[in-house]
Structures are given as C-alpha cells and as structure tokens.
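# give me a model of this one.
(chains A and B)
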Amino acid sequence: MRWSHAFVPTLRDDPAEAVAPSHRLLVRAGFIRQLMSGSYSLLPAAMRVRAKVMQIIREEINAIGGQEFLLPALHPAEIWRESGRWDVMGEEMFRLHDRKGAELALGMTHEEIFTTLALELRSYRDLPQLWYQIQTKFRDEPRPKSGVLRVREFTMKDSYTFDVDDAGLDVQFERHRVAYLNIFRRCGMDPVMVEASSGAMGGSGSVEFMVFSDSGEDEIVTCECGYAANLETATSVSAPVDDPVAATIEKFPTPGVRTIKALADFDSGAPADRQIKTLVYEIDGELSLVLLRGDHDLMEQKLRDHTGAASVEPASPEVIYESLGAAPGSLGAVGVDGLTVLADKALAGRRGLTTGANEDDFHLRNVDVERDITVDEWVDLRTVKPSDACIECGRPLRIDHAIEVGHIFKLGTKYAEILGATVLDADGNEAAIRMGSYGIGVERAIAAVVESSHDESGIVWPVTVAPYHVVVTVLRIQDEATRAAAEGLYEDLVAAGVEVILDDRDERPGVKFADAELVGVPFRLTVGPRGIENGTVELTVRATGVTTEIPLRETVSTVSDLLP
RNA sequence: CGGGACGUGGCGCAGCUUGGUAGCGCGCAUCGUUCGGGACGAUGAGGUCGCCGGUUCGAAUCCGGCCGUCCCGACCA
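Residues are numbered from 1 along each chain as shown, chains lettered A, B, ... in the order given. Below you'll find the model as predicted:
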C-alpha cells in the first residue's frame, strides 16, 4: 500500500471531549470516525488490525475444537419470550417491527439462537460441541462512552459449548480460559483473570479477562498473592473493631442528625465503624432492610446476585416513611418485624452499636446485633475498600480500573431446560445439555491494546496486530535515486510477504516521522539520499525509538527476521 | 432517567453580553523557495452559523420548541 493512496487521514488536533487515550489516538491516527453516539466507522487501518485480532481468535478457538458459524443478527421476539429474556433485557435490547407488524429484536447475544440449533443434538455421542461466530452485536447502552470501549454496535466473538455433564462443561470452560489467555497475550495484552458476577446471564460461575487501564469502567481487586476479583464480587477482611461490654439498649435524642458522619461528629454519637447503616430496598417489589457497618458501602450487585431478583431498587423516602415511620437517616432494624432483614457479615457478633430509632431525631445505643435484631440472612454485601486485607493472605488489597475484554460463563442447564435442549445419555435417559458461553469484544480489545501500548507520540502496535509491519519512509521523494531505491525496497518487501506501507507523500521528513509514530507501525525504514549514497537505510523500532543503519541489500532479510 | 455543557467551512475554535447576513489556526488547491523531526511566501477554493418557529427594517447573536453530541451520576453481560 502506498500512503499517498491509502485512506489514512491523520489529524493534528485532538477530537473534542476525548477522555480515553485510546479514543483520542484512534481518531487522530485515522482508525475510527464516529457516526453517532455509540456507533463508529472503522477505517481501513482499523480493519487491518481487526482482521488480525479476529484471525488470532479463530486460530485459538479452532485449536480447541471450535467450529465457526454465522447466525442472524435479526431475531424473532418469540424466542426471547420463550427464554424469558424478552423482558429481562429491558431497554438494552433494540426492538423493531417488520412490515407485517411482527416483533423483532437485534441480537445482543446468541444463547437462544445457538440453542435452537443445539435442539438437533440428539445423543451424548454428538457431544461435546464448541460452536462460535464473529458477528455484530447490538446493545442500546444507556450511556456509550470512551470511544469504541463502550458502544451500541460492535463485533463480538461469542462461543457456546454443549456437554452432556458438568465435568464436560468444566473441561470446555478450562480450555476457553487458556485459549482466551493465549488470544489476549498474542494481541499484546497482559490480562488479569478475575472472578465475576454472572449478572443477567445466570449460571454457576464466570471469569472476566481484565486489562488494567484508568479508562476502564470496571474496578478490580487484586492482591500480590494472586487473588483477583471484580469489585462486584470481591470479598475482604476489614479491620476488626473492639466493642464495649454488653449494656442495655437505650434511646437518646439526636436532633438534626441525618447521616453517618453527622452521628460520628455528634457529642454523644459513635464512630462510623460502631454504627449500623440501615438501607431500605425494594427487591422485586418486596421491601427489605439491608444492614451494613456505618463505614461500609453496599455493593448492589451482591444484593442482586444473592437474591436473584430481577429488580433491586432503593425505596423512595415516601415508601420508607410509610413503613418505618421515619426518614432515611433515622432508620434502624431494632424491633422491626414483617420486613426481611439482610445483614452484612461484618456485623456478626457486634454489640454496643448505634443505629436509628425509626423516629426522627432519635437513635439507639448499646445495640447488640444478634440480641436486638431479627436478622433473616447474613450475607456478604459490602464493597471492598483499598485498606482491607486479602482473605487469602492478609496482605493489603489494591483496587484498580480495568477494561473487560473477555468474559466466560458456565451456564449449566439454564437455557437447555427452558428451551428443551436435551440428549439421551449413555443409559438412555434424557439429559439437559450443559452449556457455556464465552465472549470477546473485538473493537474493545483493540482499544484495550492501544490503552496499554501507546506513548506521547501515538500508538505503539504490537507487531502481531499492527495494521502494517513496516513503513518505508521516503525522504525527498522527488530525488530519483532515492525514490527508485525506496520503491525497489518496497517491492522486495512485498514479495517477501512483509506487510508494508510506502510513505511516498511529498511531505517534509518531520511530518512523515510524526505520522508513522502516530499510526504506530512497529518498524520504520527510512530511505534518504544520504543513506542511499552509501547503500544503507535506517531501521527504527517504534517501541524503543532505537535506530540502526543497515545495508540496503540486507534489509529484507533483517526485517523478515523481526516479524512473527 | 437526574445534573452540567456544547452544536459556527474537513478538524480545533473565536464571534453572541451591547442584532447590521461571518473570522482565526490547522488542513485542502495552485505556484515558488525549502525539506533528515510537524517549513515559508503568494494566490485561491470551501460555511443552509444543528433544525423549526417567533421578535425585529434586519438574527450566528434575542425568545420558544425540537434534534444531536459530550461530561458527571444512575444504569449496564
């Protein structure tokens, strides 16, 4: 490819409002352009990177027995109704009608559709199966952002496994785990695997592949010992608190006190870690009290995961007042009955605590949780804090932002049972198929590569996914000898199978160098009159900036040795 | 959905308060001089000022409505 005829329009100015470095660089370097919120056009350079990422994915998934499919993006409503997810998916699913008025959806995932094909599996002898596709997914995100990191239309590699028993599912899950690591590492990323919430997918277990980045929307908890979890599911040990000896419960006035902090600052109040925080939630419409230590925050996802509820919403102040007789800020669970009380495990065994009296401007002190409160369930509900200790080894935990580039799920029999996907096992009994599903967001992965591999000058593509291996930068293109040498070199590289772009533009050297660095081509061969006189060209490595002079006639072999 | 901001040549922006039908930088075209780290000069092309309506002799500017985009939050496989 000749740069002068490639559509690689680099920009000098940053796009407005670009907060993620990858977004800024992908726009400036001519890889993507926005069409509307959450929709991006991929330009030729991005298509080359995408093709490489998809090729790596295919190689690794094929290597573990995958067979590639292509399923429709347009789905009939009834299959989603059958699985029960027509309602569950809510507004995130794009819905439309065809000319006959039939309800359709744009596919946001393909468990249902792949399962319709799995209905044709009749015998355990047909299993295991590993089916996958690389296809466009549509999700009407409430808030697309960070360029291509969170969009409404994107390419996903999704695979689905079908096994006769849990042991088989475990094998396929483990194979995917290894394949995913290979995929991300081959793309130049160094992902962390974390335990994760399965969310709307359901199922028994899931692992996310995370790439550290300040632009990431997820938060992950990690420890030197290897413990790693999404903040949504992470657990920890929080510093213990010494409680006083048991005493009689006592109501006392706290005029104007409405917050944990206000009570901590109040003269006869209590420090946050000796208060009980009382939250009121509507869980599938049912009112429940959620208790936490005063200095702890609720992780709503844990509440969702524990209850399995479709809807978990904080109750409105009106509803709270009606049921408890006080406003938020004066609430407590002492003496409450008729409501489910979920208490965070960090409150177990605590006494001498202060909590709201369910009467505005009054609190209770000397509360012994187990003596004075009817707790229905003890659950881990709190959000891990950076100061907490690791549950595995006791060392301090880290919390960092990360990008979720892949997620693998053990679905078990959930979809198979609902949709009736069964096989006859070796004993002739009908058995529900055990399913797994496994996803990689392709464009997000590309952005994650850029997030973790760039510098002040631009993108630094790993050679495995770079749009081109080499850029031949011609200095003084109008100098005949130089031009001839550069074109000869270009032809030789092409003939040798090197992916090369020839910067034959009549631009000044600085412009060409800057563009080559912005676009992020791993190797630059600089061909100029000065070197040509001596029969040499310069080889510059993008990642290190190191330049070496090499004989022109050895260039092809030198470069070939650097490539995978 | 709540809060905030913005929409003016391809890109980044000024102009709006104090109405008189547009300007800067980059980019683009032509010519010349340059050219191993984002050159300079000259000339030139390119704009329904997001859309609709209102006020006014006159609206990018004032008023109303709508649409779009971004940021924070909520939400989110």
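# where do the strands sit along the stretch 351-500 of chain A?
A:353-356, A:362-367, A:377-379, A:398-412, A:422-424, A:430-432, A:434-441, A:454-455, A:458-459, A:470-474, A:500-503 (DSSP state E, counting those that start in this stretch).
# mean neighbour count and distance to RNA strand B for these - can I get that in a markdown table?
All C-beta atoms are positioned from the backbone trio N, CA, C, and that covers glycine. Shown next, in a markdown table, are the strands of the stretch 351-500 of chain A (neighbours: other C-beta atoms under 10 Å; distance: least, C-beta to the nearest atom of the strand, whole Å):
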| stretch | mean neighbour count | distance to RNA strand B |
| --- | --- | --- |
| strand A:353-356 | 27 | 22 |
| strand A:362-367 | 22 | 27 |
| strand A:377-379 | 15 | 18 |
| strand A:398-412 | 22 | 5 |
| strand A:422-424 | 18 | 22 |
| strand A:430-432 | 15 | 19 |
| strand A:434-441 | 25 | 6 |
| strand A:454-455 | 17 | 11 |
| strand A:458-459 | 24 | 7 |
| strand A:470-474 | 28 | 9 |
| strand A:500-503 | 25 | 11 |
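# adding distance to residue A:337 and mean pLDDT, write those strands out as JSON lines.
As requested, the strands of the stretch 351-500 of chain A are exported to JSON lines (distance: least, C-beta to C-beta, whole Å; pLDDT from 0 to 100):
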{"stretch": "strand A:353-356", "distance to residue A:337": "16", "mean pLDDT": "93"}
{"stretch": "strand A:362-367", "distance to residue A:337": "16", "mean pLDDT": "94"}
{"stretch": "strand A:377-379", "distance to residue A:337": "15", "mean pLDDT": "93"}
{"stretch": "strand A:398-412", "distance to residue A:337": "37", "mean pLDDT": "94"}
{"stretch": "strand A:422-424", "distance to residue A:337": "45", "mean pLDDT": "97"}
{"stretch": "strand A:430-432", "distance to residue A:337": "41", "mean pLDDT": "96"}
{"stretch": "strand A:434-441", "distance to residue A:337": "42", "mean pLDDT": "96"}
{"stretch": "strand A:454-455", "distance to residue A:337": "59", "mean pLDDT": "96"}
{"stretch": "strand A:458-459", "distance to residue A:337": "61", "mean pLDDT": "96"}
{"stretch": "strand A:470-474", "distance to residue A:337": "74", "mean pLDDT": "97"}
{"stretch": "strand A:500-503", "distance to residue A:337": "74", "mean pLDDT": "97"}
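# for those, which one sits closest to residue A:105?
strand A:434-441 (17.7 Å; C-beta to C-beta).
# and the contacts of the helix or strand in which residue A:319 is found?
Element membership of residue A:319 [criterion: DSSP states H and E] is helix A:317-324. For helix A:317-324, the surrounding residues in contact (C-beta atoms under 8 Å, 6 or more residues apart in numbering) are A:280, A:282, A:287, A:315, A:326, A:327, A:328, A:331, A:336, A:339, A:358.
# looking at the residues you listed, which is nearest residue A:456?
Comparing the contacts of helix A:317-324 against residue A:456 with C-beta to C-beta picks out residue A:328 as the nearest, at 48.3 Å.
# contacting residues for residue A:221?
A:194, A:227, A:228, A:229, A:230, A:231, A:234, A:236, A:384, A:397, A:398, A:399.
# please convert the buried members of these into PyMOL selection syntax.
The PyMOL selection below is limited to those of the contacts of residue A:221 classed as buried (16 or more other C-beta atoms under 10 Å):
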select buried, chain A and resi 194+227+228+229+230+231+234+236+384+397+399
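# using TSV, lay out the contacts of residue A:221 together with distance to residue A:484.
Putting the contacts of residue A:221 into TSV (distance: C-beta to C-beta, whole Å) gives the following:
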residue	distance to residue A:484
A:194	55
A:227	61
A:228	56
A:229	60
A:230	58
A:231	60
A:234	62
A:236	67
A:384	64
A:397	62
A:398	57
A:399	58
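# so which of the strands of the stretch 351-500 of chain A gets nearest residue A:75?
That would be, of the strands of the stretch 351-500 of chain A and by C-beta to C-beta, strand A:434-441, which comes in at 15.9 Å.
# what pairs with the following helix or strand past the helix holding residue A:319, and is each one parallel or antiparallel?
Past helix A:317-324, further along toward the C-terminus, the next helix or strand under DSSP H and E is strand A:340-344. With DSSP bridges as the test, strand A:340-344 is paired with strand A:286-293 (parallel), strand A:377-379 (parallel).
# for those, which one sits closest to residue A:189?
strand A:377-379 (34.7 Å).
# is the helix or strand that contains residue A:131 positioned near RNA strand B?
In the assignment (DSSP H and E), residue A:131 maps to strand A:129-138. No. Strand A:129-138 is not in contact with RNA strand B by C-beta under 7 Å from any atom of the strand; minimum separation 7.7 Å.
# how about stretch A:267-282?
No. Stretch A:267-282 is not in contact with RNA strand B by C-beta under 7 Å from any atom of the strand; minimum separation 10.4 Å.
# check contacts around residue A:160.
By C-beta under 8 Å, 6+ apart, the neighbours of residue A:160 are A:110, A:111, A:114, A:115, A:118, A:130, A:131, A:132, A:435, A:436, A:437, A:438.
# am I right that the last one is in contact with residue A:177?
This points to residue A:438. No. Using C-beta atoms under 8 Å, residue A:438 makes no contact with residue A:177, being 9.1 Å away.
# okay, and the common contacts of these two?
residue A:408.
# tell me where the stretch 451-564 of chain A has helices.
A:480-495, A:509-519, A:529-534, A:555-562 (DSSP state H, counting those that start in this stretch).
# might you enumerate the residues of the stretch 51-200 of chain A proximal to RNA strand B?
A:85, A:89, A:92, A:108-109, A:111, A:139, A:141-146, A:199-200.
# what helix or strand is residue A:159 located in?
strand A:153-163.
# the host helix or strand of residue A:56: what's the following helix or strand?
In this assignment (DSSP H and E), residue A:56 forms part of helix A:44-63. Counting by DSSP H and E, the next helix or strand C-terminal to helix A:44-63 is strand A:67-69.
# so what's whichever residue of the stretch 51-200 of chain A sits closest to RNA strand B up against?
In the stretch 51-200 of chain A, the residue that lies nearest RNA strand B is residue A:109 (2.5 Å; C-beta to the nearest atom of the strand). Going by C-beta under 8 Å, 6+ apart, residue A:109 touches A:137, A:158, A:437, A:439.
# ok, residue A:563 next?
Contacts of residue A:563 (C-beta under 8 Å, 6+ apart): A:463, A:469, A:498.
# between these, which is closest to residue A:294?
Distances from residue A:294 to the contacts of residue A:563, taken by C-beta to C-beta, are shortest for residue A:463, at 53.2 Å.
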